[in-house]
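S.K.: The sequence and its predicted three-dimensional model are supplied below.
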Amino acid sequence: MNMKDRVQGAILGAFIGDALGLGPHWYYDLGEQQKDYGEWIDTYTNPKPGRYHEHEKAGN
């Protein structure tokens, strides 16, 4: 793997991580986040009502 591939992978990973984090963004209590989203987040989710970015939709 060369440097260009590594850089592209890092950028793509950052975009994917940012998109996955839309719904569960800004939880300070892990128990509350797990109550809302479960133990493992592996899909794109909409934010819950009353949470940060609540009017955004996954995939937009």
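M.R.: Thanks, I have the structure now. Numbers count the residues shown, from 1 in each chain.

S.K.: Next up, the contacts around P24.
M.R.: P24 makes contact with Q33, D36, Y37, I41, T45, according to Cβ atoms under 8 Å, 6 or more residues apart in numbering. Yep, even glycine has a C-beta here, placed from its N, CA and C like the rest.

S.K.: Would you list the buried entries among these?
M.R.: Q33, T45 (16 or more other Cβ atoms under 10 Å).

S.K.: Please dump the contacts of P24 into JSON lines; it should also carry distance to I11, secondary structure and pLDDT for every row.
M.R.: Below are the contacts of P24 laid out as JSON lines (distance: Cβ to Cβ, whole Å; DSSP: H, G, I helix; E, B strand; the rest coil; pLDDT from 0 to 100):
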{"residue": "Q33", "distance to I11": "26", "secondary structure": "helix", "pLDDT": "93"}
{"residue": "D36", "distance to I11": "29", "secondary structure": "helix", "pLDDT": "92"}
{"residue": "Y37", "distance to I11": "26", "secondary structure": "helix", "pLDDT": "91"}
{"residue": "I41", "distance to I11": "21", "secondary structure": "coil", "pLDDT": "85"}
{"residue": "T45", "distance to I11": "23", "secondary structure": "coil", "pLDDT": "90"}
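
S.K.: Save the contacts of P24 as a markdown table, and put in distance to V7 too.
M.R.: Below are the contacts of P24 laid out as a markdown table (distance: Cβ to Cβ, whole Å):
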| residue | distance to V7 |
| --- | --- |
| Q33 | 31 |
| D36 | 34 |
| Y37 | 31 |
| I41 | 26 |
| T45 | 28 |
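
S.K.: Looking at the contacts of P24, spot the one nearest I16.
M.R.: Within those, the smallest distance to I16 is 12.1 Å, found for I41 (Cβ to Cβ).

S.K.: List just the nearest of the contacts of P24 to R51.
M.R.: Distances from R51 to the contacts of P24, taken by Cβ to Cβ, are shortest for D36, at 8.3 Å.

S.K.: per-residue confidence at N60?
M.R.: Listed pLDDT for N60 reads 66.

S.K.: Please compute how far stretch 14-25 lies from its chain's middle.
M.R.: 2 Å (Cα atoms, centre = their mean, to the nearest Å).
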